[in-house]
Structures are given as C-alpha cells and as structure tokens.
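J.: Provided below for reference: sequence and predicted model.
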Amino acid sequence: MKKGFVIFLTFLLAFALATPALADMVFIEAESGVQSSSPMIIGSGLGAFNDKYIYGEENSYEIINYEFEIKEAGDYYLWFRLMGQGDDFNSFFVMIDGGGFNQNDGYGDGEYYTFDMWEPSEGYDYSDSNPFLPSLDDHKNPDWIYNPNWHWIPLSYRDATVDPPVRHNLVKQNFTAGKHTMEIMTREPECYLDKIIITNNLSYDPRAISGDPESIYLAELAAAEAAAAAEAEAAAPEPTAAAPVVTAPAPQTGDNTVIYFLAFVLVASAALTLLRRRREF
C-alpha cells in the first residue's frame, strides 16, 4: 500500500473521530408545505421566522402537507412554534405517515394528533410526564399565552378516555431512517403556525433559545465541523518529503558548437575510411 494512501486514510479516521455526534435536526418553515385543494392562508410579519406563517380561516378541512427525511432511526420529539388567539383559536390536527393516536375529538378516523396551547379556562389536568410544560402562573395568564406571543409547543395529545381528561401528553414519535410525511389540518381558526422542529435530542428545548433555532444550529454545526477538521489535520502525520528531482541543465550555446563539431569530425572520419576501403578493392 502506498505511503500517501495510508496518510490519506489516517486523516479521514482522525477527522471522523474528532467530529462530534450531533443530533438529527429537521427544520421546516410552515409555509413551505404543499397546499391541498383547501389551502391554508399564508400570513406575514408578527415576528415570524422568515417573515411568514400559516393559519386556517375556519374549523374545516384546510390541509398542508410536508415531506422530510430522517437520517437516524429512533425516537423523536416534534416542536411547533405557535401563536394562539384564545381558547377556541389555538390548535391544529397533525398526522404523521398517515396515522397516529386515536383521539375522541380527532378528525375522520380519529388518527390525527392534536396539540393545543394551554387553556386555563378549561378544567383539564396536565400530564405529569411532560417536562416542557410552563409554570402554573404562566399558563393562567392570557397575556402570556395568547396574541401577540409566539410559543414553542412539543407535539402532544389530549387523553379524553380519563376523567378529568389529561392534555399535553407528550408524543414520542419513533421514525425509521428515510422519507416521512406530515399533514397539518385546521382544528380551530386563527391559530398561527410559524416553524417546525423534529429532533432525536429528547432534552432539546427551543424555548431556551433566543432567535431562530435553525440559524443557531447551522452556525454551531459549521463551527463544530471546522474545529473537527482542524483537530484532524493536526493529528495527521507529516508527509515524508519527496527526494528532489535533479534536472540536467540545458546545454549552453558554446556547448552546442562543440557537440556539432565533434559530430562532424566523426562523420567525416567514417566517410574517409569507407573511401579508402573501396580503393583497396
């Protein structure tokens, strides 16, 4: 095996070992989906990332579709950046790969997930297993919950099979690696959806991030890759210096003259010898 190839393999191995194991993160702008025949409305402003968001006008069949790719199979949480307008204007239905939890207040066959803003006016219990719930004081404060405030809400469902019903049961979605689909449909009007994050980092909490999490993640990813490349380069062995190639100097003009003269003498001498031999015969 050539020494240069060994050095190349060593560099690749060092780079792979130095690169940090980053979470699988999928970022989706809500307005980027494919609209159905009953499209949602695309609004602008209000502090939305990319300056756009979507919403439905009525409790209807307005649907938008997304396709995304999962790199690593496993459990994921889905986060949605929402702005609600009130207790009756704060939720969507969500369907992953055409199926989901069977909810009593679901749509069609009941296979749509639902996710709500917090509704202090209703007598629901809140899931004890959801680590991403707001404080009790916050979720009782309409000025904190609703317009004009955006909130990151993890995908959850309302369990209406118990009494009292329990909302915000966190959905841990298991994905295979590859392409997947998501459909979002209006459940209540005037609930704004800005952005979606899908991640296998189950401790990830975009609520603690100031600004667009996608921009921050991409900047951190670029910095991590640059640091890993520098570390791998520093760890790679120094290549052996190649022996210098010695090139014979080109003959100068005077040298050419001598060479031509010697060649002429040799040719002339050979010709004279040949003539003498013919005369002897």
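T.: Looks like it came in fine.

J.: which intervals of the stretch 1-150 of the chain have sub-threshold pLDDT?
T.: Within the stretch 1-150 of the chain, the ranges that satisfy pLDDT under 70 run 1-22, 100-111.

J.: what about the strands in it?
T.: 25-29, 34-35, 41-44, 52-55, 63-70, 74-83, 91-96, 113-116, 125-126 (DSSP state E, counting those that start in this stretch).

J.: Of all the ones you listed, which one is nearest residue 231?
T.: Judged by CB to CB, the one of the strands of the stretch 1-150 of the chain that comes nearest to residue 231 is strand 25-29, at 22.6 Å. Every residue, glycine included, has its C-beta placed from N, CA and C.

J.: so what strands line up beside the closest one?
T.: According to DSSP bridges, strand 25-29 has the following sheet partners: strand 192-199 (antiparallel).

J.: Quick check: what element follows the strand it pairs with along the chain?
T.: Reading on from strand 192-199 to the C-terminus, the next helix or strand found by DSSP states H and E is helix 213-235.

J.: Packing partners of that next one?
T.: helix 3-18, strand 25-29, strand 192-199 (3 or more CB pairs under 8 Å, 6 or more residues apart in numbering; DSSP states H and E).

J.: then the second one to PDB, C-alphas only?
T.: Backbone C-alpha positions of strand 25-29 (Å, rounded to 0.1, in the frame of the first residue of the first chain) are rendered in PDB as follows:
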ATOM      1  CA  MET A  25     -32.400  18.100  13.500                       C
ATOM      2  CA  VAL A  26     -35.000  18.800  10.800                       C
ATOM      3  CA  PHE A  27     -36.300  22.300  10.400                       C
ATOM      4  CA  ILE A  28     -39.400  23.100   8.400                       C
ATOM      5  CA  GLU A  29     -40.800  26.500   7.600                       C
END
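
J.: Determine the angle, from 0 to 180 degrees, between that strand and helix 213-235.
T.: Put simply, strand 25-29 runs at 150 degrees to helix 213-235, going by axes from the mean of the first three to the mean of the last three CA atoms, to 10 degrees.

J.: measure residue 112 to residue 98 for me?
T.: Between residue 112 and residue 98 the distance, using CB to CB, to the nearest Å, works out to 10 Å.

J.: now residue 219
T.: With the distance defined as CB to CB, residue 219 ends up 35 Å from residue 98.

J.: Settle it for me: which of residue 112 and residue 98 has more neighbours?
T.: It is residue 112, of residue 112 and residue 98, that has more neighbours when counted by other CB atoms under 10 Å, with 24 against 9.

J.: Surely that one is in contact with residue 94?
T.: Yes - with contacts counted by CB atoms under 8 Å, residue 112 reaches residue 94, the gap being 6.3 Å.

J.: what about the stretch 151-281 of the chain, any weak spots by pLDDT?
T.: Counting by pLDDT under 70, the stretch 151-281 of the chain contains low-confidence ranges at 239-281.

J.: mind running it again at 50?
T.: The model of the stretch 151-281 of the chain has pLDDT under 50 over residues 248-255, 257-260.

J.: ok so, going back, export the strands of the stretch 1-150 of the chain as CSV, with columns for mean neighbour count and distance to residue 135.
T.: What follows is the strands of the stretch 1-150 of the chain, written out as CSV (neighbours: other CB atoms under 10 Å; distance: least, CB to CB, whole Å):
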stretch, mean neighbour count, distance to residue 135
strand 25-29, 18, 27
strand 34-35, 13, 37
strand 41-44, 14, 29
strand 52-55, 23, 26
strand 63-70, 16, 32
strand 74-83, 21, 18
strand 91-96, 22, 21
strand 113-116, 23, 17
strand 125-126, 14, 11
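
J.: Looking at those, which is nearest to residue 205?
T.: strand 74-83 (8.6 Å).

J.: out of everything not next to it in sequence, what's closest to residue 132?
T.: Spatially, and ignoring its direct neighbours in sequence, residue 132 is nearest to residue 154 (5.2 Å; CB to CB, 6 or more residues apart in numbering).

J.: Just give the number of residues close to the one you found.
T.: Other residues close to residue 154 by other CB under 10 Å number 23.

J.: Could you check how far it is from residue 134?
T.: 12 Å.
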